[in-house]
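In: structure of the sequence below:
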Amino acid sequence: MKRRLAALRSGHRRQAPGEPRAVGYLYVLPALAVYAVFLLYPFGQSVWLSFVHWDGLGVATPAGFDNYRDLFRDPSLRAPFAHALLLLLFYSALPVAIGLLLAAVMSRVRVRGMTFFRTVLFLPQVLALIVVGVAWRSILAPDGLLNDTLRAVGLGSLARPWLGDYTWALPAVGVVGTWVGTGLCMILFLAGAQRIPRELYEAARMDGAGPVREFLTVTLPGLRPQIAVALTLTIIAGLRNFDLIYITTSGGPGNATSVPAYEVYHRAFETNQVGSAAAVGVALTVLIFVLTVTVSRLVEGRRS
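Out: Okay, the predicted model is just below:
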């Protein structure tokens with residue numbers, strides 16, 4: 001017994017002959033308990049709420065699959081998911097592409113003050129999204145910095161209320177997401193590029209490879225793990241986006257910028273459709289899980 005207690009205190013122990021395997025699970029029980037209390041139980045409650053009609057105050061009545069059927073039949077519920085998938089172009093695809101480009105350039109070209117430029121590009125990750133939303137709402141306002149700049153250079157005809165325009169509101173919010181996510185992707189790719197053996201670059205140059213071919217044959221394959229991480233993080237950030245939408249447009253104009261996360265808030269706390277909000281939240285969780293698992297599987301398949 002004394003020997004077993006000493007092994008437990010040191011954090012390293014071997015399972016004794018005849019000792020139940022369940023004893024080893026004691027190590028993960030505290031973490032599992034926290035996970036269950038703060039994640040699994042609330043998610044289970046959300047799943048239950050998605051099968052009822054409830055206004056948040058009265059008595060809940062069974063709804064069956066009506067709330068989930070509405071996700072396909074109700075245009076006001078289909079649109080937020082379509083908007084979220086479109087925003088993935090700005091929140092995930094563009095940051096990854098721009099981050100790869102910046103990482104490729106910075107790893108080849110030595111520029112004075114490179115640390116400063118990296119810090120500036122990564123700065124949006126440090127700022128709270130509430131601060132980012134307030135700043136960009138001011139920039140994109142009808143009398144904001146962007147429109148003032150366009151008028152100053154003779155392009156006043158392009159000025160418009162960016163966040164109040166049915167056509168441009170969603171891309172405008174997407175550009176903000178691109179600005180936020182690019183720095184994270186760049187830092188991930190720069191860290192990954194430093195782990196690629198220099199001999200591979202030298203071999204490619206000896207074979208006559210130029211910068212583009214060197215990037216495609218050496219840098220890009222070497223950054224597959226980092227690309228998978230970047231895609232996973234940016235996809236999750238794009239699909240659960242709420243802060244920027246709430247601060248900049250509140251889903252408007254109309255529902256032109258409504259996304260699932262904002263729709264959950266809107267239905268649960270503004271229109272008292274708690275069951276419908278729960279169904280949207282559960283569907284969003286499933287969508288995030290499917291997309292992130294798909295990305296991971298694709299990368300693992302290529303590596304194998």
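In: from here on, just use CA atoms for contacts and neighbour counts.
Out: Noted.
In: tell me the pLDDT at the residue nearest the centre of the chain?
Out: By Cα atoms, centre = their mean, the chain has its centre lying nearest to residue 237, at 1.8 Å. The model reports residue 237 with a pLDDT of 92.
In: same thing with residue 296?
Out: So residue 296 comes in at 80 (pLDDT).
In: for residue 15, same thing?
Out: Looking at residue 15, the pLDDT reads 51.
In: return the set of buried residues in the longest helix seen in the chain.
Out: If you go by DSSP state H, the chain has its longest helix at helix 274-303. Across helix 274-303, burial judged by 16 or more other Cα atoms under 10 Å covers 274-284, 288, 292, 295, 299.
In: ditto for stretch 100-112
Out: Neighbour-count burial for stretch 100-112, counted by 16+ other Cα under 10 Å, picks out 100, 102, 103, 104, 106.
In: ok, back up a step: the residue nearest to the centre of the chain: which element?
Out: helix 224-239 (DSSP states H and E).
In: packing partners for that helix?
Out: Secondary-structure packing of helix 224-239 (3 or more Cα pairs under 8 Å, 6 or more residues apart in numbering; DSSP states H and E): helix 75-88, helix 94-108, helix 169-193, helix 274-303.
In: and the contacts of that helix?
Out: For helix 224-239, the external contacting residues (Cα atoms under 8 Å, 6 or more residues apart in numbering) are 84-85, 87-88, 91-93, 96, 177, 181, 184-185, 188-189, 192, 260-261, 284, 288, 291-292, 295-296, 299.
In: do stretch 143-160 as well
Out: 138, 139, 140, 141, 142.
In: hmm, 10 Å instead?
Out: 136, 137, 138, 139, 140, 141, 142, 161, 162, 168 (Cα atoms under 10 Å, 6 or more residues apart in numbering).
In: look at the last one and say how many residues are nearby.
Out: Counted by other Cα atoms under 10 Å, the residues lying close to residue 168 total 16.
In: what is the neighbour count of residue 270?
Out: 11.
In: could I get the phi/psi values of it?
Out: phi -110, psi -40 (degrees, to the nearest 10).
In: closest one of the buried residues of helix 274-303 to residue 49?
Out: When the buried residues of helix 274-303 are ranked by distance to residue 49 (Cα to Cα), residue 275 comes first, at 5.1 Å.
In: per-residue pLDDT of that closest one, please?
Out: Looking at residue 275, the pLDDT reads 95.
In: the longest helix of the chain to helix 75-88, inter-axis angle?
Out: 30 degrees (axes from the mean of the first three to the mean of the last three Cα atoms, to 10 degrees).
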